[in-house]
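Asks: dropping a prediction and its sequence here:
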Amino acid sequence: MAKPLLDDALWSKIEPLLPPHPPRLKGGRPRVPDRSALTGILFVLRTGIPWEYLPKEMGCGSGMTCWRRLRDWQAAGVWQQLHQVMLVHLQSDAQIDWTRVSVDGASNPRPPGGAETGPNPTDRGKLGCKHYLAVDARGLPLAVILSGANRHDSKCFIPVREAIPPIRGLLGHPRRRPEQVHADKGYDFPYLRQYLQCRGIRPRIARRGIESRERLGRYRWVVERTFSWLHRMRRLRIRYERRADIHQAFLQLGCALIAWRHVQRFC
């Protein structure tokens, strides 16, 4: 029997976050149920198929219906809230390892254009974008942002670190500050070290011409593994969306699904 894309346990986490239905005039076709539309969104995320090829046999409505729900729920902050719910669950069970956070970026090729794209200097100037992740010591995604491929990695270090939300647990104040941050030589700039030190965070950034990349790689490999988890969802392997908010919605939903797997495994 095939594994369901949206089981009851996950739906119970998502359903309370969805905004109420807008008022409708009498008549017309009935609204596609939210659970069915979300199943279609997850199918597109995992398989990477175009929206118009979404199988009608799934009962998810048309691809445009699912696209509109993805857009509207992103505008309402549903995916960010879902990711936050998963992180709070993990923090309440002491399953977020704050001893170190790793930050890195990965190129995403061949977008059709639009916002947050640019010529990739490492790919002969072809158009591209980048995903930037901050993960804990076990690879749990804490924050994700989107950027054009022509933007230097160091310029996205502070935004992705600041994107880590305050995560509350059962006791104490919400936490968002790790003990140390690991990054590769692309982030070796004095102002980034000073930024971390001023916030009481120990910088563990590889120094160009001094430290070998293997020395810190024994800790930073977890962020590469998380990128492989994300890009296993085929809609994130290549950016097909011209609109940055739609691609960001897929990114945040992908991170929430990875966090959900952590909840199922460790909580």
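Replies: Looks like it arrived, so ask away. Residues are numbered from 1 along each chain as shown.

Asks: all contacts plus neighbour counts: C-alpha atoms, from now on.
Replies: OK.

Asks: Leu133 belongs to a strand?
Replies: Yes. Using DSSP: H, G, I helix; E, B strand; the rest coil, the secondary structure at Leu133 is a strand.

Asks: all numbers from here: first residue = 5
Replies: Taking 5 as the first residue, the last one we looked at is Leu137.

Asks: tell me who's in contact with it.
Replies: 106-109, 145-149, 164, 227 (CA atoms under 8 Å, 6 or more residues apart in numbering).

Asks: quick one, grab the pLDDT at it.
Replies: Leu137 is assigned a predicted lDDT (pLDDT) of 97.

Asks: run through the bridge partners of it.
Replies: Asp108, Val148 (DSSP bridges).

Asks: distance of it from Ala79?
Replies: Look at Leu137 and Ala79: by CA to CA, to the nearest Å, they are 21 Å apart.

Asks: circling back: export the contacts of Leu137 to TSV and tack on neighbour count, distance to Ala98 and pLDDT?
Replies: Putting the contacts of Leu137 into TSV (neighbours: other CA atoms under 10 Å; distance: CA to CA, whole Å; pLDDT from 0 to 100) gives the following:
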residue	neighbour count	distance to Ala98	pLDDT
Ser106	28	19	95
Val107	28	21	96
Asp108	23	24	95
Gly109	26	27	94
Pro145	28	15	97
Leu146	25	14	97
Ala147	24	18	97
Val148	22	22	97
Ile149	18	25	96
Val164	21	23	96
Val227	28	20	94
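
Asks: dump the residues you listed into CSV; add distance to Asp157 as well.
Replies: Shown next, in CSV, are the contacts of Leu137 (distance: CA to CA, whole Å):
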residue, distance to Asp157
Ser106, 14
Val107, 10
Asp108, 8
Gly109, 7
Pro145, 18
Leu146, 18
Ala147, 15
Val148, 14
Ile149, 12
Val164, 11
Val227, 15
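
Asks: pick the one among those residues closest to Arg180.
Replies: Leu146 (9.1 Å; CA to CA).

Asks: hmm, who's touching stretch 228-239?
Replies: 48-53, 108, 110, 139, 143-145, 240-241, 254-255, 258-259, 262.

Asks: can you select the buried ones from those residues in PyMOL?
Replies: Listed next is the PyMOL selection for buried residues among those, using 16 or more other CA atoms under 10 Å:
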select buried, resi 48+49+50+52+108+110+139+143+144+145+240+241+254+255+258+259+262
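
Asks: what segments of the protein are strands?
Replies: 105-113, 122-123, 131-139, 145-152, 184-187, 206-209 (DSSP state E).

Asks: relative to Ile250, which of these is closest?
Replies: strand 145-152 (11.1 Å).

Asks: so how far is that closest one off the chain centroid?
Replies: Distance, stretch centre to chain centre, for strand 145-152: 6 Å (CA atoms, centre = their mean, to the nearest Å).

Asks: only C-alpha atoms, please: export it in CSV.
Replies: Listed next in CSV are the C-alpha coordinates belonging to strand 145-152 (Å, rounded to 0.1, in the frame of the first residue of the first chain):
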residue,chain,number,x,y,z
PRO,A,145,16.7,23.2,9.6
LEU,A,146,16.2,26.3,11.7
ALA,A,147,16.0,28.9,9.0
VAL,A,148,16.1,29.2,5.2
ILE,A,149,16.3,32.1,2.8
LEU,A,150,16.4,32.7,-0.9
SER,A,151,18.9,34.8,-2.8
GLY,A,152,20.2,35.5,-6.3
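
Asks: any low-confidence regions in the stretch 105-254 of the chain?
Replies: The model of the stretch 105-254 of the chain has pLDDT under 70 over residues 215-221.

Asks: make it 90
Replies: Within the stretch 105-254 of the chain, the ranges that satisfy pLDDT under 90 run 112-120, 122, 124-132, 173-177, 189-190, 210-224.
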